[in-house]
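Enquirer: task: produce atomic coordinates for the following.
(4 chains)
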Protein chains: 2
Amino acid sequence: MSRVECQTGGMSLRHAVLGLLEEHPMSGYDLLKRFEQAMSNVWAATQSQLYGELGKLEAAGQIRVHAEGPRGRKEYAITEAGQAELRHWLVEVEPNRVTRNESLLRVYFLGAVGPERAREYLEHLGETGRRRSGRLADLEDSIDWGDDDASVYGRLVLEWGKRFSEMQREWAEWAVKQVE
Amino acid sequence: MSRVECQTGGMSLRHAVLGLLEEHPMSGYDLLKRFEQAMSNVWAATQSQLYGELGKLEAAGQIRVHAEGPRGRKEYAITEAGQAELRHWLVEVEPNRVTRNESLLRVYFLGAVGPERAREYLEHLGETGRRRSGRLADLEDSIDWGDDDASVYGRLVLEWGKRFSEMQREWAEWAVKQVE
DNA sequence: CCCGGACGTTCCAACTGTGACATGTCGAAA
DNA sequence: TTTCGACATGTCACAGTTGGAACGTCCGGG
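Expert: Residues are numbered from 1 along each chain as shown, chains lettered A, B, ... in the order given. Take a look at the predicted model:
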């Protein structure tokens, strides 16, 4: 039913939660794990933010407590209103890219510290890319992929991460040469 | 002198401003233009945020009013304390990557809308990459590059943007094939 | 002369995000 | 049996971010 009308900016944590609950019901604790692991390359969230958002989503009727477990565990499930909101966001809302790349920002100002320091920093970025790339490759091997939706689209995201890391590594190597 | 001790997170707008003022003195209005144009691929800032930060930086003694012009224009220049802070941040502070990619988040959940919608979305991402890539190439041609630091490092950042956009385009084309 | 658009700054309310703190339960191993 | 680590949630203050409204000035073209 009634969808929130405004949602000018932000709000994506909300949809990340809805998307994960669309897979299957989970507790806040479970969700937090997902954000720390699989989602860590895509969207960051802290514990306080997450539990806060769960409260808001429940109040908005987009998720509901589906089961309770030991230690006060509350498993949330997505409601029909939540599914509607998720689909709406997926296809109808224009993504707003907020560019904020701290590493690149530093590169912009690297002139202030002299070429040897600059070179160090660029090499560091390249090394970071290399490590990240390796880590993702390991991750890919460690997962046994199925042919369900979660696997298919999860693989796309993972591949994006690999290509991104490789790009960063190659760019950094090129950049070091430019500085010399 | 005395540098702020804590600065756990965020704070990068401060350094972006310091970095731009390191080039040469500018007013808030000039800075805003830079954020809208050259910096738009690296760091976003709104007008309110920017003027607020200028006030804080002045209070902290890292910038000072260097000249005043018509219409209440205030040109700010970086101080020695500000230069020290900038150099400190550039080489000594570990960058904290906050991953938050809304487009990729959507890809993660694309299973919820069926393959034809998913395909549309991925094609849209590819198209975005292509456009962005073209726009950056035009930008590169339109600038007459020197061999000063700002040109050298500005080119590195621009090249990063081009490679990123190309990567996104190629990935999206590959991704469309995977979904089929 | 007047008018619109660019120039230029200031303030604000609301929201989002962060790290820390507080609180408590359960299960397994020592 | 005690104790420790994992499980599990809630709340706080503070800083950063957003979008907008408000205000006034300069300058060139009609």
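
Enquirer: buried residues of the longest helix along chain A, list them for me.
Expert: With secondary structure taken from DSSP state H, chain A has its longest helix at helix A:149-179. Neighbour counts using 16 or more other Cβ atoms under 10 Å in any protein chain shown place A:149-150, A:152-154, A:156-169, A:171-172, A:175-176 of helix A:149-179 among the buried residues. To be clear about C-beta, it is placed using only N, CA and C from the backbone, and glycine gets the same treatment.

Enquirer: go on, stretch A:95-104?
Expert: By neighbour count on 16+ other Cβ under 10 Å, the buried set for stretch A:95-104 is A:Pro95, A:Arg100, A:Asn101, A:Glu102, A:Ser103, A:Leu104.

Enquirer: which one of these sits closest to B:Leu110?
Expert: Of all the buried residues of stretch A:95-104, B:Leu110 sits closest to A:Pro95, with 12.7 Å by Cβ to Cβ.

Enquirer: assign the closest one to helix, strand or coil.
Expert: Secondary structure state of A:Pro95, per DSSP: H, G, I helix; E, B strand; the rest coil, is coil.

Enquirer: how much space between it and B:Arg100?
Expert: For A:Pro95, the distance to B:Arg100 equals 12 Å [Cβ to Cβ, to the nearest Å].

Enquirer: inside helices: which ones of the buried residues of stretch A:95-104?
Expert: A:Glu102, A:Ser103, A:Leu104.

Enquirer: isn't the second one up against B:Pro95?
Expert: Think A:Ser103. Yes: contact status for A:Ser103 versus B:Pro95: in contact at 5.1 Å, counting by Cβ atoms under 8 Å.

Enquirer: what about A:Gln83, neighbour count?
Expert: Residues near A:Gln83, counting by other Cβ atoms under 10 Å in any protein chain shown, number 15.

Enquirer: which SS class is it?
Expert: Per three-state DSSP, A:Gln83 ends up helix.

Enquirer: all strands for chain A, in order.
Expert: A:26-27, A:63-68, A:74-78 (DSSP state E).

Enquirer: near chain B at all, stretch A:125-145?
Expert: No: counting by Cβ under 8 Å from any Cβ of the partner chain, chain B is not contacted by stretch A:125-145; separation bottoms out at 8.8 Å.

Enquirer: mind listing what's buried in that stretch?
Expert: Quick answer for stretch A:125-145 (16+ other Cβ under 10 Å): A:Leu125, A:Gly126, A:Thr128, A:Gly129, A:Arg130, A:Arg132, A:Ser133, A:Leu136.

Enquirer: mind listing what the nearest residue to A:Trp160 once chain neighbours are set aside touches?
Expert: Nearest residue to A:Trp160, sequence neighbours excluded (Cβ to Cβ, 6 or more residues apart in numbering or on different chains): B:Trp171, at 5.5 Å. By Cβ atoms under 8 Å, 6 or more residues apart in numbering or on different chains, B:Trp171 lies in contact with A:Glu159, A:Trp160, A:Arg163, B:Gly126.
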